[in-house]
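Chemist: Task: produce atomic coordinates for the following.
(2 chains)
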Amino acid sequence: MRKFWLLPLLALCVASNAMAGTKAIVVGSKIFTEGYVLGEVAAQTIEASAPPVPVVRKLGMGSTGILFQSLSSGAIDVYADYTGTLTEAIIKNPSLKSQADIQAALGKLALVMSEPLGFNNTYALAVRDAFARQNNLHTITDLARLKTPVRAAFSYEFMDRADGWPGLAAAYHFSLPPKSVNRMEHSLTYQAIDQNAVDVIDVYSTDAKIRKFNLRVLEDDTNYFPVYQAVWVARKDFVERYPLQWQALQKLAGTIDVNTMLDMNAAADIEKLSLTQIAARFRGEQARAADTLTSRILHRTVEHLWLVAISLLFSIVIGVPLGIAAVRYHATGQAILLLSAMIQTVPSLALLCFLIPLFGVGTRPALVALCLYSLLPVVLNTFTGIRSIDPRHLENARAFGLNNRQILFRIVLPLASPMLLAGVKTATIVSIGTATLAALVGAGGYGAPIVSGLSLNDVPTILTGAIPAALMAWLAHGLFEVLGKVLIPAGLRVRP
Amino acid sequence: MSYTALAEFTAKIINNGMLELEHVHKSFEGRSVLSDVSLTIPKGVTHALIGSSGSGKTTLLRITLGLIPFDKGYVKINEQPLSSFTPIEWADRIGYVPQDGGLFPHISGKQNVSLVPGLRNWPAARIDSRVEELRALVGLDAGILARFPHEMSGGQKQRVAIMRAAMMDPPVMLLDEPMAALDPLIRSSLQEELKSIFQRLAKTVLIVTHDLGEAVFLAERITLLHQGRIIQTGSYRELLLAPADPFVTSFINAQRSLPDVSTMP
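Modeler: Numbers count the residues shown, from 1 in each chain, chains lettered A, B, ... in the order given. This next block holds a predicted model:
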């Protein structure tokens, strides 16, 4: 009983050791369909290479900035990006064009880029296939020379970027009257062209909707659009430590052309196949038997439990002493309670945003965010639990010669334990829910299928995260019923 | 051994357990709560400190327990002042029985009784034999000690609380309103019990109460406290027959008075 306080410390040590000891290769990805697909392709390629190395998938982490930070901090080892994005967002020198120049600039950041995978995901103009055949259109030049009036719908971004429509119109000598060029929300332009309301729209060259709406992409015959060649980007450190794995990834260079990528994107967005199946089909393999739904859920359960347990441990180790301090020092106490209540009001996405600059991405910011969110119930219930103790018990304890520490551990904490445990229970259940957001910063858990399912509009995938999360909350509820029987002193359990 | 040495030794034994308050003054925020309170309780004597609420008796109780500081004067046990002891040493010299027993609700009777000796690192066997000795002395059934406070009657709680207070074998016992929460029938039977328990314990006992009946029944001598001053100390007979102040008589009459039958309809 006297050494119980050692347990959380012990657990912290174990936790930090386990975090330091991770040896797996971590594959990241951007948060859109193509990113997920390429991430899964990379993961399976590494898994299939010899010697076998465990792979951790942190897919759908966010935009280039987050992935670059993750690469730099070592939270991930490799992901897929585009040359244009790399020069623009990471190297911040869009004038770099050649592979060698980009490779050299990345080298200064301790990063390595592979040869292009084989497709260019850039802006393109698309027309209905029927319209193309009817007017014998193959290139943008064909379209610009078309004598019949053409109706266009372009996204806001495309209309506003200098390298979008304004530059394109000048480069190809388009003569469309302004009123036949509609400025529209990008996702609606597909509906517009499908219903024959317009004839040409701007697209990304590998967008699955090109297949879905049976569009034809017109060739950029003057190479007007910037080049966004897909490549693997990896830490130099990873390339040096795992040369064989990197080689396996390099072998994919030139094997994914626009049509292959379009097929895979369509398989995800339209056929709603799982990433595992799509990547396996690409690699000419059957989906590995091992990666069943159960094993995936099991893996995420471990990640999720880990997030909840560690953050909870920290919030107890921090929250209970804060609650005790709040009782002892009145003014400080009010400040502590106010502060932990204020943390609770920060929207989770905003909190994660604040934490990324401080803690990078991955498990750490997620743990900090979860810990901060579980703080209020722990602090508040510790405070209320202690405050509701009959003060005569405390005075009696002093009269019996108990010192402050003995009063705390023998009288105060046991008497406050029902409230305290209720606080920890609330914190646990809130954490299980909130931990699903950890996937947004690449910490995995049940949030991973929820986030990827949302971005792929794939309800079954969402459910593989949402249902286990709900079950875990339900189990936690039961666990605390049992814990109550063990931890709350018997004299407090049954009141007359 | 010389005669004087023997006399000093004897005096020490006789005085052992003597509780003394000497010219104790206490004020809160400039308002005097206790003023020049002096009281000597010889060894083995049961003494009652009586007063209505606001008389300062609770403050005096806290001072005697060493829970709050006081402005002037001395509190002594066996001629050694409170200030010369650590809080633990003092606590082990005064066995305290709070109002209603004041048992900690989360632990069993046995655990309440063994709490302090356990913290003083007594071996379990020593604790057990002391518990057994006191259990027999207060006349409590063995099974009661295994119960939690909420499963005990008022009288059982009092006995367990007395056992707890006596565990460290303190020379002085201090009881706060020992009968206040008990219903009248249980009171009269427990009063008898308490009286014989005090005799068997042979300790210096101070009972702090507002109830004259309780004081008269349990204590040999009574001190009446009013507005922070001692009005009179003596036996009940002395208070009744030779009141030092008209307040003594009015206090006694107020507690004795029952409605006059002739005034009832």
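Chemist: okay, now A:Lys485: neighbour count?
Modeler: For A:Lys485, the neighbour count with other Cβ atoms under 10 Å in any protein chain shown is 10. Placement of C-beta: from N, CA and C, glycine included.
Chemist: Test my guess that it contacts A:Arg493.
Modeler: Yes. In this structure A:Lys485 lies within contact range of A:Arg493 using Cβ atoms under 8 Å: 7.4 Å.
Chemist: ok, the residue of the stretch 51-200 of chain B found nearest chain A to B:Leu82 distance?
Modeler: Residue nearest to chain A within the stretch 51-200 of chain B: B:Ala91 (2.7 Å; Cβ to the nearest Cβ). Applying Cβ to Cβ, to the nearest Å, the value for B:Ala91 to B:Leu82 is 11 Å.
Chemist: and for these two, which residues touch both?
Modeler: B:Gly66 (Cβ atoms under 8 Å, 6 or more residues apart in numbering or on different chains).
Chemist: picking up where we left off before, residues in contact with the residue of the stretch 51-200 of chain B closest to chain A?
Modeler: B:Ala91 touches A:399-401, B:65-66, B:116, counting by Cβ under 8 Å, 6+ apart.
Chemist: Show me those residues that map onto helices.
Modeler: Among the contacts of B:Ala91, the members falling in helices (DSSP state H) are A:399, B:65, B:116.
Chemist: Please identify the residues of chain B in proximity to chain A?
Modeler: Residues of chain B found near chain A (Cβ under 8 Å from any Cβ of the partner chain) are B:62, B:65-67, B:87-88, B:90-92, B:94, B:96, B:98-99, B:102, B:104-108, B:115-116, B:119, B:148-151, B:164.
Chemist: Buried only: go through the residues you listed for me.
Modeler: Burial by neighbour count, judged by 16 or more other Cβ atoms under 10 Å in any protein chain shown, picks out B:62, B:65-67, B:87-88, B:90-92, B:94, B:96, B:98-99, B:102, B:104-108, B:115-116, B:148-149, B:164 from the residues of chain B next to chain A.
Chemist: These in strands, which ones?
Modeler: B:94, B:96 (DSSP state E).
Chemist: For A:Ile76, give me phi and psi.
Modeler: phi -130, psi 160 (degrees, to the nearest 10).
Chemist: can you tell me how far it sits from A:Ser70?
Modeler: 4 Å.
Chemist: So for those two, which sits in the more crowded spot?
Modeler: Neighbours were counted for A:Ile76 and for A:Ser70 using other Cβ under 10 Å; A:Ile76 has more, 29 against 25.
Chemist: From what I see, the more buried one and A:Leu59 are in contact.
Modeler: No. Assessed by Cβ under 8 Å, A:Ile76 is found out of contact with A:Leu59, at 10.0 Å.
Chemist: shared neighbours of the two, anything?
Modeler: A:27-28.
Chemist: helix, strand or coil for A:Tyr224?
Modeler: Following DSSP: H, G, I helix; E, B strand; the rest coil, A:Tyr224 is assigned to coil.
Chemist: What degree of burial does it show, as a neighbour count?
Modeler: 15.
Chemist: burial of the closest residue to it other than its chain neighbours, as a residue count?
Modeler: Closest residue in space to A:Tyr224, ignoring its immediate chain neighbours: A:Ala171 at 4.8 Å, by Cβ to Cβ, 6 or more residues apart in numbering or on different chains. Around A:Ala171 there are 16 other residues, counting by other Cβ under 10 Å.
Chemist: A:Phe213 too?
Modeler: 18.
Chemist: go on, A:Thr139?
Modeler: Neighbours around A:Thr139, by other Cβ under 10 Å: 15.
Chemist: which residues sit in contact with it?
Modeler: A:218-221.
Chemist: can you give me the strands in the stretch 1-150 of chain B?
Modeler: Secondary structure of the stretch 1-150 of chain B (DSSP state E, counting those that start in this stretch): strands at B:19-28, B:31-41, B:46-50, B:72-77, B:80-81, B:94-97.
Chemist: The third one pairs with which strands, and in what direction?
Modeler: The pairing partners recorded for strand B:46-50 under DSSP bridges are strand B:204-209 (parallel), strand B:221-226 (parallel).
Chemist: Helix or strand next in line after the last one, which one?
Modeler: In other words, strand B:221-226. strand B:229-234 (DSSP states H and E).
Chemist: neighbouring strands for that following strand, and are they parallel or not?
Modeler: Paired with strand B:229-234 in the same sheet, following DSSP bridges, are strand B:221-226 (antiparallel).
Chemist: Compute the inter-axis angle for the strand it pairs with and strand B:19-28.
Modeler: 10 degrees (axes from the mean of the first three to the mean of the last three Cα atoms, to 10 degrees).
Chemist: For strand B:221-226, list the C-alpha coordinates in CSV.
Modeler: Taking Å, rounded to 0.1, in the frame of the first residue of the first chain, the C-alpha atoms of strand B:221-226 are listed here in CSV:
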residue,chain,number,x,y,z
ARG,B,221,-14.8,17.6,39.8
ILE,B,222,-16.3,20.2,37.5
THR,B,223,-15.0,23.4,36.0
LEU,B,224,-17.6,25.9,34.7
LEU,B,225,-16.3,28.0,31.9
HIS,B,226,-18.2,31.1,30.8
